[in-house]
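Visitor: I need the structure of the sequence given here:
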Amino acid sequence: MSARFEELGWRQTPMGEISLRRRFDPTVRMDVYEVKLGDEFLMSSLFTTGERELARLGLARTPGTDLDVVVGGLGLGYTAREALTDNRIRELTVVEYSQAVIDWHAEQLLPETAGLLSDNRIQVTCADFFAAATSAEGFDSRRPGRTYDAVLLDIDHSPRHVLHQPHSAFYTPEGLRAMATHIVPGGIFAMWSDDAPDEQFLAVLGSAFADVEAERVYFDNPITRGRSSATIYLATRR
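Guide: Residues are numbered from 1 along each chain as shown. Okay, the predicted model is just below:
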């Protein structure tokens, strides 16, 4: 058995202190890796279904081959790793706000996604996803205005529960329309949310995209010994 608790890394950011910790969970009898922003839990290796389903459902709806895809938020790496199982991926651009998170992956501190950054299809950039998404330049400073086949977003807890107040402007018709210009016609926007489907946000999403839907995904919760859920929003650029 490993030590019960270990802080693997931390760093101060404009949004607060971000930290990575490993703890042994006696309920599941395994090491659990967690990222916190201040006192708020951002992600856990104990619950990865939503992150993986974001990639699976988003790419299942994405047409074509030789796909160029953006992932908003590297986190523990489960969305990016799942996306790379799709052999149509040509390039996966991951936009991560925190250099600390990128460094944790480079230092191989996360066993389940170790080696993720060594895949030659992945490009990781340290930047603000929301600023890039709503700018004319977009996600690639080398190729301003570049468009992508899909954008997969997993950063905020939900459109109503954001990690940083400036993010709220993204979840508006204007913010979503600006982001849509970086997706090819017929391309896909998919987004994870920890909340139940939000009809008001679906209407906002529908003002910028076509064929919008919210798919609820369920998973076992060993802590509550019940079932929990997340929501994956899916939309197509007109």
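
Visitor: Tell me where this protein has strands.
Guide: Taking DSSP state E to define them, one finds strands in the chain at 5-13, 16-25, 30-37, 40-44, 67-72, 89-96, 122-126, 148-153, 183-193, 210-221, 226-236.

Visitor: JSON lines for these, including distance to E174 and mean pLDDT?
Guide: For every residue, glycine as well, the C-beta is placed using N, CA and C. Putting these into JSON lines (distance: least, C-beta to C-beta, whole Å; pLDDT from 0 to 100) gives the following:
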{"stretch": "strand 5-13", "distance to E174": "26", "mean pLDDT": "89"}
{"stretch": "strand 16-25", "distance to E174": "27", "mean pLDDT": "93"}
{"stretch": "strand 30-37", "distance to E174": "26", "mean pLDDT": "93"}
{"stretch": "strand 40-44", "distance to E174": "27", "mean pLDDT": "90"}
{"stretch": "strand 67-72", "distance to E174": "18", "mean pLDDT": "98"}
{"stretch": "strand 89-96", "distance to E174": "20", "mean pLDDT": "98"}
{"stretch": "strand 122-126", "distance to E174": "24", "mean pLDDT": "97"}
{"stretch": "strand 148-153", "distance to E174": "17", "mean pLDDT": "98"}
{"stretch": "strand 183-193", "distance to E174": "15", "mean pLDDT": "98"}
{"stretch": "strand 210-221", "distance to E174": "17", "mean pLDDT": "96"}
{"stretch": "strand 226-236", "distance to E174": "16", "mean pLDDT": "97"}
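
Visitor: any idea how far L234 is from T125?
Guide: Distance, T125 to L234, by C-beta to C-beta, to the nearest Å: 25 Å.

Visitor: Compare the two (neighbour count), which wins?
Guide: Neighbours per residue, other C-beta atoms under 10 Å: of T125 and L234, the larger number sits with L234, 21 against 16.

Visitor: Contacts only, for D86.
Guide: By C-beta atoms under 8 Å, 6 or more residues apart in numbering, the contact set of D86 is 55, 59, 67.

Visitor: wait, L76 sits on L42?
Guide: No. Between L76 and L42 there is no contact under C-beta atoms under 8 Å: 9.2 Å.

Visitor: So for these two, which residue has more residues nearby?
Guide: L76 (25 against 19).

Visitor: Pick out the residue closest to the middle of the chain.
Guide: The chain has D154 as the residue nearest its centroid, 2.5 Å off, counting by C-alpha atoms, centre = their mean.
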